[in-house]
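S.K.: test case, fold it:
(2 chains)
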There are 2 protein chains.
Amino acid sequence: MSAGAVVLLSGGLDSSVLLHYVVNTLAHDPVHALSFNYGQRHSRELDCAAYQAGVAGVASHKCMDIGFMGAFLQAGSALIEGGDAVPDLVALDVEARTQPPTYVPNRNMMLLSMAAAYAETLGISHVYYGAQAQDEYGYWDCTAQFLERMNGVLALNRKDAVTVYAPFVARSKAETLRVGLELGVDFAHTWSCYRGLDVACGTCPTCIERLHAFRDCASTDPLPYA
Amino acid sequence: MSAGAVVLLSGGLDSSVLLHYVVNTLAHDPVHALSFNYGQRHSRELDCAAYQAGVAGVASHKCMDIGFMGAFLQAGSALIEGGDAVPDLVALDVEARTQPPTYVPNRNMMLLSMAAAYAETLGISHVYYGAQAQDEYGYWDCTAQFLERMNGVLALNRKDAVTVYAPFVARSKAETLRVGLELGVDFAHTWSCYRGLDVACGTCPTCIERLHAFRDCASTDPLPYA
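M.R.: Modelled structure (predicted):
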């Protein structure tokens, strides 16, 4: 096992900060960025992933095309082309930890299992992903407990066990953003909006969270909004 | 949640028996069979899967094409086109629980996570897969403990938790075969050989195991061998 790392990179705010954190702060080398095309409503996010991977100077950036999952799961989620409309505002009951309509069935177990397979093939024991505390309210597969149990499965590997790390899982989006601002991440090339428009909508749950994070950091989001 | 089930069906001996067991003995209804094309060396197995699904009268049989994984993982396994040659005989040290060259990195976590996502989308809580005791010697992801921990992750789902069952995980291949013989499974339409030849080789690890199982059941394998 090398001191290398595989980083899940969606091109969103959290994973973009994570990539620069793993390359610069944790100083893993080599770093392999891994994106997934799973039938997202737009490719804007993946363009941002490619940009960040280039700037970070990773050893490789690959995109696994798992678009076939769309046909299997499209009925299940508003995030996938063909699914329900993305809800207009965060009208979700945070206290009740309700599952939002943007939930993709078992998505993170799928993505992490593929990332772990990829890392194992490369002889790398560290996989990083950008789960953060604020997602806990609705996504059972973004929690620290989920990660702990996933690692409990992976630890059974008798030869080349891979461990998944989520350094931001206990931090709010604002705290993650602050790490990125300190690292000089260019947030004009990160994409959070759930809708497939040319300009970020500013009203979907993730735009709202992002804008709140910038406000909490007394900073300005360089992205234009509709 | 319905009394339906999703069954992972490779077209091999174990999963073919499992399918008929779930349909006839456990009487789940509807039953959805799910196969994966992950760049296996031959498609013979998938033809057998289609045959068994038809005979069992399942509600649906779908095949997820995850061939893209081949490009990512081909260096890692003898089972995937482009990987190392399949070893000629079971020269593996069973006591040492050595990982055989036919191991595909993290395969079962990937397949089960996709099957669980599919079941969740269908509103089905039961997923069945054909792990059996004999595989434990080399595959960490075929053990009862692996299954238990995977279910520990899936149990975190707050809304539509899926559970994976492996009814044959504590049985030998001969015991699984016996279940199939009692259910009248047509083993001429199951495929176990690891090599991509027209006729089963009779010398690869899985051919040997299969032949031993038929011998232990005092039965004859209807498949022709090279």
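S.K.: what about the helices in chain A?
M.R.: Taking DSSP state H to define them, one finds helices in chain A at A:13-20, A:44-56, A:68-73, A:107-122, A:144-154, A:173-182, A:205-216.
S.K.: compile those helices into a markdown table and extend it with columns for mean pLDDT.
M.R.: Listed next are the helices of chain A as a markdown table, based on pLDDT from 0 to 100:
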| stretch | mean pLDDT |
| --- | --- |
| helix A:13-20 | 97 |
| helix A:44-56 | 94 |
| helix A:68-73 | 71 |
| helix A:107-122 | 92 |
| helix A:144-154 | 95 |
| helix A:173-182 | 96 |
| helix A:205-216 | 93 |
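S.K.: residues contacting the residue nearest to A:Gln132 when sequence neighbours are not counted?
M.R.: Nearest residue to A:Gln132 in three dimensions, chain neighbours excluded: A:Phe168, at 4.4 Å (Cβ to Cβ, 6 or more residues apart in numbering or on different chains). In this view, the C-beta of every residue, glycine as well, is placed from N, C-alpha and C. By Cβ atoms under 8 Å, 6 or more residues apart in numbering or on different chains, the contact set of A:Phe168 is A:Asp14, A:Val17, A:Leu18, A:Gly130, A:Ala131, A:Gln132, A:Ala133, A:Glu175, A:Thr176, A:Val179.
S.K.: quick one: which of the residues you listed is nearest chain B?
M.R.: Closest approach to chain B among those (Cβ to the nearest Cβ): A:Ala131, at 13.1 Å.
S.K.: number of residues surrounding that closest one?
M.R.: A:Ala131 has 28 neighbouring residues, counting by other Cβ atoms under 10 Å in any protein chain shown.
S.K.: got a pLDDT number for it?
M.R.: A:Ala131 is assigned 86 on the pLDDT scale.
S.K.: go on, the one 5 residues further on?
M.R.: Looking at A:Glu136, its pLDDT is 58.
S.K.: so who does the closest residue in space to A:Gly202 that isn't next to it in sequence touch?
M.R.: Spatial nearest neighbour of A:Gly202, excluding adjacent residues (Cβ to Cβ, 6+ apart): A:Tyr225 at 3.9 Å. Counting by Cβ under 8 Å, 6+ apart, A:Tyr225 touches A:Val199, A:Ala200, A:Cys201, A:Gly202, A:Cys207, A:Leu211.
S.K.: any quick ChimeraX command for the buried ones out of those residues?
M.R.: A single ChimeraX command is used to select the members of the contacts of A:Tyr225 judged buried by 16 or more other Cβ atoms under 10 Å in any protein chain shown:
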select /A:200,201,202,207,211
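S.K.: what is the most widely separated pair among the contacts of A:Tyr225?
M.R.: By the measure Cβ to Cβ, A:Val199 and A:Leu211 form the most distant pair in the contacts of A:Tyr225, at 13.6 Å.
S.K.: re the thing from before, what's the closest of the contacts of A:Tyr225 to chain B?
M.R.: Nearest to chain B out of these is A:Cys207 (Cβ to the nearest Cβ; 24.8 Å).
S.K.: who are the contact partners of the closest one?
M.R.: A:Ser192, A:Cys193, A:Tyr194, A:Ala200, A:Cys201, A:Tyr225.
S.K.: mind doing that once more with 7 Å?
M.R.: A:Ser192, A:Cys193, A:Ala200, A:Cys201 (Cβ atoms under 7 Å, 6 or more residues apart in numbering or on different chains).
S.K.: neighbours of A:Arg44, how many?
M.R.: Neighbour number of A:Arg44 under other Cβ under 10 Å is 17.
S.K.: name the nearest residue to it, ignoring sequence neighbours.
M.R.: A:Trp191 (4.8 Å).
S.K.: I figured that neighbour was touching A:Cys48, is that so?
M.R.: Yes - look at A:Trp191 against A:Cys48 with Cβ atoms under 7 Å: they come within range, at 4.6 Å.
S.K.: mutual contacts of the two, please.
M.R.: Residues touching both A:Trp191 and A:Cys48 by Cβ under 7 Å, 6+ apart: A:Gly11.
S.K.: name the residues of chain A found near chain B, please.
M.R.: Where chain A comes near chain B, counting by Cβ under 7 Å from any Cβ of the partner chain, the residues are A:64-65, A:68, A:72-73, A:75-76, A:97, A:99, A:105-106, A:109-110, A:113-114, A:116-118, A:120-121, A:140, A:145-146, A:149-150, A:152-153, A:156-159.
S.K.: residues in contact with the nearest residue to A:Pro105 once chain neighbours are set aside?
M.R.: Once flanking residues are discounted, A:Pro105 sits nearest to B:Glu120: 4.0 Å by Cβ to Cβ, 6+ apart. Residues in contact with B:Glu120 (Cβ under 7 Å, 6+ apart) are A:Pro105, A:Asn106, B:Asp160, B:Val162.
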